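**Student:** prediction below, plus the sequence it came from.
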Amino acid sequence: MFEVFKKEILELLRDRKTLFFIIALPMLVFPIIVALVAFLTSQAGLKAQQQVHTYYIVNEQYADAFSEQVFYHKSFKKYQGDLKLDSVHALSEAVKLGQIDVGIFIDSDPREAIKTGKQSQWKVVFNDAKAINFTFNRINELANTSSLAVRSNALLELGVEPERQQAVLKPIVVSKVDTADKRENYGEKLGAFIPYLLLPLVLMGASYPAIDLGAGEKERGTLETLLLTPVTRSELVLGKFFTVLASSIACTLITVASLAIWVSIATRFISIDVITTAFSSVTSWDFLLIFALLLPVAAMLSSLVLAISIYARTFKEAQNYMAPLSMGIFVPIVISLLPNMELDTTTALIPITNVALAIKEIIKGTVDYGSIGLIFIASAALAALLLICCVRWFNKETVLFR
């Protein structure tokens, strides 16, 4: 078995493509993702903030102060064309045709409406299909300023002094006192997505060498030569399994180390409050726990991909089988994101989902070591069962020579 393992490892180290996916990609994936997302988000936000919108106000004489604020706002430019718009429908058509960017319809004078106990209805017409759009928020802020002024004047006419107006309008103030610290709060949101990055990379570290060790051997015709050697089939498949497992563990170790290194760099040099708060208290012990949880997962996936590869006739067929497996990995991860999905005795027994929930708890800083132990035992037991099935699978003539 050791000789088979040694042979496969040497061949694996000679394969530059596989080494890239096992070593280089996990080291680069985190900084590339963080840098790309940060750059695209900042560029999109900056462009949206600097964009100047052409506007048209119907019945602007009802709100002189508001119209003046919009006119002098840096994000808006008054329409200078010959269009005469007088309804919400007309504004909508003008926006659809690109003649204006935003239309504002004011149905009545708010100062007169409030005297009769009515509200002035303002409608903002614009295209809200863009991912980042500050148009409505900016107009709403200006409208709120005008609304506050009208309300304050109306209360003064009723004899309510300015210092008492706030108490009259809102006699009860409800504030939130959150018992969760910031790490737990942000870790709940951010920690749930870490498995999306880690678990597929663990699978990738196992699948690339496994395809070559099973289907690749069949396609090259070297499997028959190995079967003629004085090595039992069980020893042969175990040697291949430990090669795939070593590759997956190497990918796992590099992935977790890369995560730890780049998170440390990000918290020092990048001023992103969510990342800084969520990971500032994550220790080396926490990353070690994550790595330990991924070890039995690596063993499970190694057994699965090796069994699939042994069954496939060709390299291409094995790749086609790996695609559904890759999709299947995401299903239990998605389950871990469901509302009210928490780590307990039941969820600790669900494969993949338990690890995803545990990683989230580790990032939050609320990990229960009893649950971690249960997850490790359950995952290790499942990995052992899958390995036994893989060994029996390899001993079947109908599988090896189909």
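**Tutor:** Great, that's in hand.
**Student:** tally up the residues packed near D107, please.
**Tutor:** For D107, the tally of surrounding residues (other C-beta atoms under 10 Å) stands at 15. Yep, even glycine has a C-beta here, placed from its N, CA and C like the rest.
**Student:** what's the burial count for the nearest residue to it once chain neighbours are set aside?
**Tutor:** Sequence neighbours aside, Q121 is the residue nearest to D107 in space, at 4.7 Å (criterion: C-beta to C-beta, 6 or more residues apart in numbering). Using other C-beta under 10 Å, the number of residues around Q121 comes to 11.
**Student:** pLDDT weak spots in the stretch 1-150 of the chain?
**Tutor:** 1-31, 33-35, 37-38, 41-42, 44-45, 48-49, 130-133 (pLDDT under 70).
**Student:** now the helices for it?
**Tutor:** For the stretch 1-150 of the chain, helices defined by DSSP state H, counting those that start in this stretch occupy the ranges 2-14, 16-19, 25-50, 64-72, 88-96, 110-113, 135-157.
**Student:** same deal with the stretch 301-402 of the chain?
**Tutor:** When secondary structure is read from DSSP H, counting those that start in this stretch, the stretch 301-402 of the chain shows helices at 315-336, 353-364, 369-394, 397-400.
**Student:** for the third one, buried residues please.
**Tutor:** By 16 or more other C-beta atoms under 10 Å, the buried positions in helix 369-394 come out as 371-372, 374-376, 378-379, 382-383, 386-387, 390-391, 393-394.
**Student:** if we can go back for a sec, quick check: phi and psi at the residue nearest to D107.
**Tutor:** Dihedral pair for Q121: phi -90, psi 110, per degrees, to the nearest 10.
**Student:** circling back to that earlier point, and of the helices of the stretch 301-402 of the chain, who's closest to D101?
**Tutor:** The closest of these to D101 is helix 315-336. By C-beta to C-beta, the value is 38.2 Å.
**Student:** restricting to C-alpha, output the closest one in CSV.
**Tutor:** C-alpha atoms of helix 315-336 as CSV (Å, rounded to 0.1, in the frame of the first residue of the first chain):
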residue,chain,number,x,y,z
PHE,A,315,-11.4,10.8,-18.1
LYS,A,316,-14.1,12.8,-19.7
GLU,A,317,-16.9,10.6,-18.3
ALA,A,318,-15.4,11.0,-14.8
GLN,A,319,-15.5,14.8,-15.2
ASN,A,320,-19.1,14.6,-16.2
TYR,A,321,-19.9,12.7,-13.0
MET,A,322,-18.1,15.2,-10.8
ALA,A,323,-20.3,18.1,-11.9
PRO,A,324,-23.5,16.7,-10.1
LEU,A,325,-21.4,16.0,-7.1
SER,A,326,-20.1,19.5,-7.0
MET,A,327,-23.7,20.8,-7.1
GLY,A,328,-24.7,18.3,-4.4
ILE,A,329,-22.1,19.8,-2.1
PHE,A,330,-23.9,23.2,-2.2
VAL,A,331,-27.3,21.7,-1.2
PRO,A,332,-26.3,21.0,2.5
ILE,A,333,-24.5,24.3,2.6
VAL,A,334,-27.7,26.1,1.5
ILE,A,335,-29.6,24.2,4.2
SER,A,336,-27.3,25.7,6.8
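**Student:** which one is P162 nearest to, not counting chain neighbours?
**Tutor:** With C-beta to C-beta, 6+ apart, the residue lying closest to P162 is S152, at 6.8 Å.
**Student:** could you report the pLDDT at the one you found?
**Tutor:** Here, the pLDDT recorded for S152 equals 89.
**Student:** distance check, it against R164.
**Tutor:** Applying C-beta to C-beta, to the nearest Å, the value for S152 to R164 is 11 Å.
**Student:** neighbour-wise, which of those two wins?
**Tutor:** Using other C-beta under 10 Å, the more surrounded residue of S152 and R164 is S152, with 14 against 11.
**Student:** show the pLDDT at T353.
**Tutor:** Note on T353: pLDDT of 91.
**Student:** now the one 3 residues further on
**Tutor:** Reading off the per-residue confidence, A356 sits at a pLDDT of 89.
**Student:** now swap in the one 4 residues further on and tell me
**Tutor:** Confidence per residue is given as pLDDT, and for K360 that number is 86.
**Student:** what's the spacing between it and L374?
**Tutor:** Counting by C-beta to C-beta, the gap from K360 to L374 is 16 Å.
**Student:** same question, I114
**Tutor:** 63 Å.
**Student:** same deal with A358?
**Tutor:** For A358, the distance to L374 (C-beta to C-beta) stands at 10 Å.
**Student:** overlap in contacts, these two.
**Tutor:** Common contacts of A358 and L374 (C-beta atoms under 8 Å, 6 or more residues apart in numbering): A348.
**Student:** which residue packs closest to P200, ignoring adjacent ones?
**Tutor:** Spatially, and ignoring its direct neighbours in sequence, P200 is nearest to I329 (6.3 Å; C-beta to C-beta, 6+ apart).
**Student:** tally of neighbours for that neighbour?
**Tutor:** Using other C-beta under 10 Å: I329 sits among 19 other residues.
**Student:** who's in contact with stretch 312-330?
**Tutor:** 196, 199-200, 203, 207, 210-212, 214-216, 218-219, 301, 304-305, 308-309, 311, 352, 402.
**Student:** can you rerun that using 6 Å?
**Tutor:** Residues from elsewhere that reach stretch 312-330 (C-beta atoms under 6 Å, 6 or more residues apart in numbering): L199, L203, S207, I211, A215, G216, E219, I308, S309.
**Student:** only the buried residues of that stretch, if you could.
**Tutor:** Neighbour-count burial for stretch 312-330 [16+ other C-beta under 10 Å]: A312, F315, E317, A318, Y321, M322, I329.
**Student:** where does pLDDT dip in the stretch 201-350 of the chain?
**Tutor:** Using pLDDT under 70, the flagged stretches of the stretch 201-350 of the chain are 262-281.
**Student:** repeat that with 90
**Tutor:** 201-292, 294, 309-349 (pLDDT under 90).
**Student:** from D86, how far out is L294?
**Tutor:** 65 Å.
**Student:** what about those two, which has more around it?
**Tutor:** Each of L294 and D86 has its neighbours counted (other C-beta under 10 Å); L294 has more, 26 against 10.
**Student:** what helices or strands is the one helix or strand that one maps to leaning on?
**Tutor:** In this structure, L294 sits in helix 284-311 according to DSSP states H and E. Judged by 3 or more C-beta pairs under 6 Å, 6 or more residues apart in numbering; DSSP states H and E, helix 284-311 is in contact with helix 194-211, helix 233-269, helix 353-364, helix 369-394.
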